[in-house]
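In: no FASTA, just this:
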């Protein structure tokens with residue numbers, strides 16, 4: 001096995017002849033909710049992990065035995081990885097705007113290198129939806145937002161497949177590990193649409209699918225936790241929700257000012273902090289964001305050692321009041337990360353590359 005294995009689920013179009021981008025910029029031709037599964041193996045590198053191999057599970061239709069479908073093989077291989085004593089929990093990652101399929105995998109590999117729970121590495125699963133992976137500021141943003149909206153039911157379908165797989169496990173096969181969820185930027189909007197699809201299916205049937213849910217720089221409305229039609233019911237599918245925000249986030253400033261969106265949750269946190277559910281913790285990242293992502297201050301979650309340490313501590317279920325490198329700011333009713341503990345090396349992104357780091 002390679003240094004880092006990243007599992008993936010995607011509703012992108014499969015293009016096996018394209019060795020550089022095996023999954024493209026459009027939806028699966030079988031429908032926006034049609035999923036393909038696989039894994040990618042990377043050679044570790046602190047700047048740009050190198051993709052060594054990519055395996056796509058077969059798309060087996062009309063198969064009564066779920067374990068023999070591509071999704072079933074994916075779930076079983078992931079279960080085996082979680083049962084391996086060298087690894088522990090699994091983190092599901094939903095990327096944001098302007099990210100190619102290969103770029104999403106590479107970011108997930110960086111997360112796999114940087115995060116741990118109790119000194120054990122995490123299994124990483126990326127859900128890659130067809131964001132353009134293009135740097136055309138206006139067209140690609142609006143296109144991605146529509147694609148994010150359409151991808152919600154596909155993510156919900158993946159969540160339900162996971163739930164049904166766990167329910168069907170024999171007691172001897174249950175690995176006693178936890179599954180967490182991390183979204184970045186517009187990935188939080190994809191999550192909103194997935195949540196609404198789950199609510200539409202069975203509002204009263206929302207179950208705890210995840211342990212920790214983390215929203216990093218969410219490109220979401222600042223009133224998202226006030227409305228059932230947005231994220232107010234999100235805490236029902238997780239044990240705790242953490243929102244990482246940065247008032248100096250230029251990426252979300254552009255979203256706010258030029259894309260006619262309301263104030264963003266990832267910029268200044270929620271509009272009314274007193275109405276936040278008790279299961280939601282707020283974390284101000286302004287002190288560390290600039291050093292990790294000096295140009296935009298939007299992708300700080302993956303390039304900051306302080307952020308990696310904080311996320312790892314959250315995933316390890318460290319009590320909020322004992323988390324290191326944080327202070328509580330009473331006026332904001334939120335925590336603040338107070339010092340950078342080391343910035344991971346980074347190269348300036350090259351927007352002409354389809355695997356350029358996300359902006």
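Out: Done, it's in. In this text the structure is predicted, and so the values were computed from the model without any measurement.
In: Tell me who's in contact with residue 95.
Out: Contact analysis of residue 95 by C-beta atoms under 8 Å, 6 or more residues apart in numbering lists 103-104, 107, 126, 128-129, 131, 184-185, 187, 358. Glycine gets a C-beta too; all of them are placed from N, C-alpha and C.
In: which one among those gets closest to residue 21?
Out: Among the contacts of residue 95, residue 103 lies closest to residue 21 (C-beta to C-beta), at 9.5 Å.
In: what packs against the stretch of helix or strand the closest one belongs to?
Out: Mapping residue 103 onto the secondary structure by DSSP states H and E places it in helix 101-114. Counting contacts by 3 or more C-beta pairs under 8 Å, 6 or more residues apart in numbering; DSSP states H and E, helix 101-114 packs against strand 4-10, strand 36-43, strand 50-56, strand 90-94, strand 123-128, helix 300-303.
In: and the helix or strand just after the shortest one, what other elements does it pack with?
Out: As assigned by DSSP H and E, the chain's next helix or strand after helix 300-303 is helix 305-315. Contact analysis of helix 305-315 by 3+ C-beta pairs under 8 Å, 6+ apart lists strand 116-117, strand 212-216, strand 240-245, helix 286-292, helix 300-303, strand 334-337 as its packing neighbours.
In: Might you quantify the distance of the shortest one from its chain's geometric centre?
Out: A distance of 16 Å separates the centroid of the chain from that of strand 116-117, by C-alpha atoms, centre = their mean, to the nearest Å.
In: ok, now the fourth one?
Out: In terms of C-alpha atoms, centre = their mean, the centre of helix 286-292 is set 20 Å apart from its chain centre.
In: which residues of the stretch 151-300 of the chain fall in strands?
Out: 179-184, 212-216, 240-245, 280-284 (DSSP state E, counting those that start in this stretch).
In: List the pairing partners of the second one within its sheet, with orientation.
Out: What it means is strand 212-216. strand 179-184 (parallel), strand 240-245 (parallel) (DSSP bridges).
In: Can you tell me which of those strands is packed in deepest?
Out: strand 179-184 (a mean of 25; mean count of other C-beta atoms under 10 Å).
In: and for that strand, what are the contacting residues?
Out: The contact list for strand 179-184 (C-beta under 8 Å, 6+ apart) reads 89-96, 111, 162, 190-191, 209-218, 238, 299, 301-302, 311, 315, 358.
In: Please tabulate the strands of the stretch 151-300 of the chain in JSON lines and include mean pLDDT and distance to residue 82 as additional columns.
Out: Formatted as JSON lines, these follow (pLDDT from 0 to 100; distance: least, C-beta to C-beta, whole Å):
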{"stretch": "strand 179-184", "mean pLDDT": "96", "distance to residue 82": "8"}
{"stretch": "strand 212-216", "mean pLDDT": "98", "distance to residue 82": "16"}
{"stretch": "strand 240-245", "mean pLDDT": "98", "distance to residue 82": "20"}
{"stretch": "strand 280-284", "mean pLDDT": "97", "distance to residue 82": "25"}
